[in-house]
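Colleague: Requesting a structural model of the entry that follows:
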Amino acid sequence: MSQSIIVHCDGFEVALAAGPDIADITQRLLAAIAAAGIADGSLHANVIGSTASLTTIEYEPGAVEDLKRAVRRLAPPDIPYAHELTWHDGNGHSHVQAALLGPSVAIAVRGGRLCLGTWQQVVLLNHDTRSRRRQVAVTVIGHGSKA
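Modeller: Numbers count the residues shown, from 1 in each chain. As a prediction, the model looks like this:
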């Protein structure tokens with residue numbers, strides 16, 4: 001007997017300090033999978049806004065600080081950006097940092113769990129020059145846990 005495909009749309013908001021600031025959102029994504037009631041499928045998450053990004057990392061203080069430093073080296077805040085000539089908002093580097101990391105993640109789901117390594121978490125980054133409340137849109141697609 002074939003199973004129906006479940007599509008579950010969800011979302012949440014996370015408050016972050018001026019960037020780069022990083023929050024672990026893994027548990028929020030697991031909650032979306034549980035709400036969807038799927039066993040196997042995939043989860044897609046994207047952050048809304050051009051100065052934020054999503055990625056995975058081991059969410060521990062050293063790795064988090066290393067990521068912050070790497071992001072600052074890739075697009076330093078203290079050099080000129082053409083974006084600032086237009087908007088004069090001082091966040092040209094924020095847009096570049098976010099574009100380099102990307103706004104979304106897609107992760108397989110097996111047995112109702114994200115297919116992540118033991119020390120791998122999904123993190124949300126704010127790159128903007130001010131604190132922001134970031135919206136994350138989540139779509140879970142898959143088969144239910146019942147045969």
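
Colleague: Mind telling me what element the nearest residue to Leu74 once chain neighbours are set aside is part of?
Modeller: Among residues not flanking Leu74 along the chain, Leu100 sits closest, at 5.6 Å (C-beta to C-beta, 6 or more residues apart in numbering). In short, each C-beta sits where N, CA and C put it, glycine included. Using DSSP states H and E, Leu100 sits within helix 92-101.

Colleague: Please list the residues outside that helix that contact it.
Modeller: 19-20, 49-55, 71, 74-77, 79-84, 125, 127-129 (C-beta atoms under 8 Å, 6 or more residues apart in numbering).

Colleague: Of the residues you listed, keep whichever come out buried.
Modeller: Buried members of these, scored by 16 or more other C-beta atoms under 10 Å, are 19-20, 49, 51-54, 71, 75, 77, 81, 83, 125, 127-129.

Colleague: among these, which are in strands?
Modeller: Counted as lying in strands by DSSP state E, out of these, are 52-54, 125.

Colleague: Can you tell me which helices and strands the worst-scoring helix or strand of the chain on mean pLDDT packs against?
Modeller: Least confident helix or strand, the chain: helix 82-87 with a mean of 90, by mean pLDDT, DSSP states H and E. Helices and strands touching helix 82-87, by 3 or more C-beta pairs under 8 Å, 6 or more residues apart in numbering; DSSP states H and E, are helix 92-101.

Colleague: Return the set of buried residues in the helix it packs on.
Modeller: The neighbour-count check on helix 92-101 (16+ other C-beta under 10 Å) flags 92-98, 101 as buried.

Colleague: Sweet, I'm off.
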